[in-house]
Structure formats: structure tokens, C-alpha cells
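Engineer: after the sequence you'll find the predicted model.
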Amino acid sequence: MTQPDIKELKIKAIEIRKDVLKMLMLAGSGHTGGSLSVVDILVALYYYELRNDPKNPFWPGRDRFLLSKGHACPALYAVLAQKGYFNREDLWALRKLGSKLQGHPQVGLPGIEISSGSLGQGLSIANGMALSARLDNLDTRIYCLMGDGETNEGQVWEAAMTAAHYKLDNLCAVIDFNKLQIDGFCCEVKDMGAYLDKWKSFGWHVIETDGHDIEKLKASFDNAKTVKAKPTVIVAHTIKGKGVSFVENKAEWHGIAPKSDEYERAIKELDEELKRIDI
Ligand SMILES: Cc1ncc(C[n+]2csc(CCOP(=O)(O)OP(=O)(O)O)c2C)c(N)n1
């Protein structure tokens, strides 16, 4: 399969951001900041990394992607639609009664591996999947995306110990390291101190990268695959609200959707960015 070039993927990431904003604006509620911050990570995963087949979403040999920070699902839904798991038109029913695209992901929608939204659980489930793949002699890899605020949860660190204990080198965690959470800056809500050292001390291979640089993300995923007998965590520096100037780095945009005038302004900014990339 030929892989898209980097310019195509940068354009794709902007189209996905535009879809995310439209979904949220139509829903009138949802998580704007944390959805926009994960878009480039998802693009790198779904267009370079994951072995999957949108036409056969439950193919047993597929890699698994778990969105542990479930509130960012508008971004995942938009990527899944672009990949052909379901129709793009379905996106506009986000959070509507009867829609499979709820405000937090639920199994039943093609491409969704776990229901999530209660933070802190994804890594434990990823451990189980990684152990199961090992038992079945499959070369399946498991990817689990968490928020930095989410890693305040004690369960994450129990799971981190377990993954190192079982030497789960088929497991790769990614941290959306945007330094904000629901109420403000992570370091003010609960400072996690020497964050990378914490993961290292728990026995993980740690990679630090720019979570908005798709090529660097790809290189990080390639690096993770070379590591033996240890799980890998990619700490990806991101900006909450990335791509929309008045949303970037603003905690108050954690859990609100753009109103129609804000949506128009945001789309204008992203269209300007598209023009810059297209030169
Ligand atoms: C167990 C649990 N506690 C609290 C919440 C409420 N909550 C939703 S999002 C959020 C902040 C998460 O911060 P982070 O993981 O950094 O997400 P991001 O800022 O990237 O959106 C919180 C506390 C939750 N969903 N689950």
C-alpha cells in the first residue's frame, strides 16, 4: 500500500479539524480543546502506523487503538470517517439521540475498540490486549492514547507497573501532553513533577516528541517497534485547541462547543492555514 506524503497528511489534519469543529458546533456541546490537540497524533497513527482494514474492522490480526481520553472522540470519529469506517455524513449527528456517535465512545461503532470516558482505564485494557496477543502468537500491536491530566489517575500507574512487569513490548502508550486539563494547568491541579523520569522509573522506554509534527510522530512509532522487553510511552508535546487561535491553550475551551460565529471564525483560520500548506 502506498503511503500518503506529508503534505497530503497536513492537509488531511486540517480537514479533520474542520470536521471536528462542525460536529461540535452542530451538537452544541462537547470537548473542543482536547479533540483538536490529538488530531496530528491520530493522523500519524491511522495513516502511517496502524495495520487495520476499515472494510473488515474486526479482523483478528489488526492493531488496536484505544482512546483512553474518551472525551476527545470527535477527533477519532472524524478520522474513522475519513478512513471509511462509516459515512462522513454520520458525523453531523454527534451527541444526537439514537446516534452511534455519542459524546464518549461506545463499542458498536466500527473502529471503536473500547467504551471510554471514565478516565484512567484504557491502559489496563491495553495490557490485557497486549498479553492476549502474546498468548495467541500474534504480532498485533496495541496503542493507547491518554491525556496528561488523565495520568493523575492511580489506575494508570498500576497499569504502568503491570506492563513493565510483563515486558509488554507490543504496547505503546501515547500521552497528549498539552499541559492543561479540565480546570486549568496540570501543574496547578496536581503537579506530576519529573514526568518523563516517572515513566522511566516505572520501567518504560520513553520517547519525547512534538505531537503536532506528523513526521516526528512517525519516527517515534518506528523507534517504539525496535524496543524489546519493555513497553514504550511517547510523550507528545501538544497545544490544547491546536489550530484555532482563540481556543489554543485556554482551559475554558475544555468542555464547550463553538457557537456558529466562532465556528465561522475558526474555519476561516483553518482555511488560511490550508492555503499556506498548499503553496
Ligand atoms: C474518572 C474520571 N474523573 C473525572 C472525569 C472528568 N474529566 C473529563 S476530562 C477531564 C480532564 C482530563 O484532562 P486531560 O487528560 O489532560 O485531557 P485534555 O486536557 O487533553 O482534554 C476530567 C477531569 C472523567 N471523565 N473521568
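Structural biologist: Arrived safely, thanks for sending. Numbering: from 1, shown residues only.
Engineer: list the contacts for Tyr166?
Structural biologist: Going by Cβ atoms under 8 Å, 6 or more residues apart in numbering, Tyr166 touches Asn127, Ala130, Leu131. Where C-beta positions appear, they are placed from N, C-alpha and C, glycine not excepted.
Engineer: shouldn't the second one be in contact with Leu168?
Structural biologist: In this case it means Ala130. Yes. Using Cβ atoms under 8 Å, Ala130 makes contact with Leu168 at a distance of 4.4 Å.
Engineer: overlap of the contact sets of the two?
Structural biologist: Jointly contacting Ala130 and Leu168 under the rule Cβ under 8 Å, 6+ apart are Ile142, Pro231.
Engineer: if I pick Leu109, what's in contact with it?
Structural biologist: So Leu109 contacts Tyr77, Leu80, Tyr85, Phe86, Lys100, Leu101 (Cβ under 8 Å, 6+ apart).
Engineer: next: Gly61.
Structural biologist: By Cβ under 8 Å, 6+ apart, the residues touching Gly61 are Arg51, Leu138, Asp139, Thr140.
Engineer: whichever of these end up buried, select them in PyMOL.
Structural biologist: Buried members of the contacts of Gly61, defined by 16 or more other Cβ atoms under 10 Å, are picked up in PyMOL with:
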select buried, resi 140
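Engineer: need the max-distance pair from the contacts of Gly61.
Structural biologist: Greatest spacing in the contacts of Gly61, by Cβ to Cβ: Arg51 and Leu138 (10.9 Å).
Engineer: how about Val79, nearest residue that isn't a chain neighbour?
Structural biologist: Closest residue to Val79 apart from its sequence neighbours, by Cβ to Cβ, 6 or more residues apart in numbering: Leu42 at 4.7 Å.
Engineer: for that neighbour, grab the count of nearby residues.
Structural biologist: Neighbour count of Leu42, defined by other Cβ atoms under 10 Å: 26.
Engineer: repeat for Ile142
Structural biologist: Ile142, neighbours per other Cβ under 10 Å, totals 26.
Engineer: and it, what is it in contact with?
Structural biologist: So Ile142 contacts Asp63, Arg64, Leu66, Ala126, Met129, Ala130, Ala133, Leu168, Asn170, Leu171, Cys172 (Cβ under 8 Å, 6+ apart).
Engineer: neighbour count and pLDDT for those residues - can I get that in a markdown table?
Structural biologist: Below are those laid out as a markdown table (neighbours: other Cβ atoms under 10 Å; pLDDT from 0 to 100):
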| residue | neighbour count | pLDDT |
| --- | --- | --- |
| Asp63 | 21 | 98 |
| Arg64 | 21 | 98 |
| Leu66 | 23 | 98 |
| Ala126 | 29 | 98 |
| Met129 | 22 | 98 |
| Ala130 | 25 | 98 |
| Ala133 | 21 | 97 |
| Leu168 | 23 | 98 |
| Asn170 | 23 | 98 |
| Leu171 | 29 | 99 |
| Cys172 | 29 | 99 |
